[in-house]
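S.K.: Provided below are the primary sequence and the corresponding predicted coordinates.
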Amino acid sequence: MSYEYYYNDTPESGKVRNNLVYTSLISEDKTSFVQWYYNDKVYHKNKNEVIDPALMQEKWERELTFLTHMKTHFPDMIPEIEHIDYENRKIYLKIDGVDFWQQCLDADKTYDEILPDWQEQMLEILEAYRSLGIYKFSLHPSSYFIVDGKLKSINYFFCHDANEEPIPLSNFRSYISHDRQAKLEKFFEQYGMSWDSVIPWHKMQIITLENFRSNYPDDFIDKALKVYDQ
């Protein structure tokens, strides 16, 4: 099967990287997506965020840990894993077309028009994370694919277990987009925080959800916040 680089084609910026950490690949027939934990300078256009090999290895290990954890407990909430190439750090996932966000962009339609019950499905996925003690901070709509009418969540490299010790926010800065960094800094000002702050995972999850109001309707974010009020 032949693969090519996978970009998101946006109205504002044209083709942009689908992910800032790994290199995204997609098969020509759009049935297979690859997370390649390799710092490809062509794909990242020399704007590579994760240039530290040790950090890339950590992201790869987190992806494996939390993706397989979800496969064990909630297999219907992730794409089917076709193959894992451990030597080359590639995960092959079975998909059915481009990601959720790109489907909306391509069709010039809303989330509701593409998948009427997307809110209910996404909230169920968040509930699954909470039940497993997983805090997941990669929540962009491009982190989901639709397969047979079901949302499938990807990008588990940006997950932490509830039992892990929190670390400074600056540790995450290198793989958060500059636009989102600017939005986060507004929250930092509001709550008296900085990139040097160390905050509980629960609080970081709340801030992350608030930060995604620019990507989702307010009513969805309000419901998502209630998941973590329990």
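M.R.: Nice, I can see it. Numbering: from 1, shown residues only.

S.K.: Can you tell me the centre-most residue of this protein?
M.R.: Ser138 (3.3 Å; CA atoms, centre = their mean).

S.K.: Can you read off the pLDDT for it?
M.R.: For Ser138, the model assigns a pLDDT of 93.

S.K.: and it, what element?
M.R.: Mapping Ser138 onto the secondary structure by DSSP states H and E places it in no helix or strand at all.

S.K.: And the next helix or strand past the lowest-mean-pLDDT helix or strand in the chain?
M.R.: The element with the least model confidence among the helices and strands of the chain, by mean pLDDT, DSSP states H and E, is helix 178-191, at a mean of 76. Using DSSP H and E, the next helix or strand after helix 178-191 towards the C-terminus is helix 201-211.

S.K.: Mind listing what's buried along stretch 57-68?
M.R.: Under the neighbour-count criterion of 16 or more other CB atoms under 10 Å, stretch 57-68 has 59-60, 62-64, 66-67 buried. C-betas here are computed from N, CA, C, even on glycine.

S.K.: And for stretch 101-108?
M.R.: For stretch 101-108, the buried set under the neighbour-count rule, 16+ other CB under 10 Å, comprises 101-105.

S.K.: tell me which of the residues you listed is nearest to Val227?
M.R.: Relative to Val227, the closest of the buried residues of stretch 101-108 is Trp101; by CB to CB it sits at 21.1 Å.
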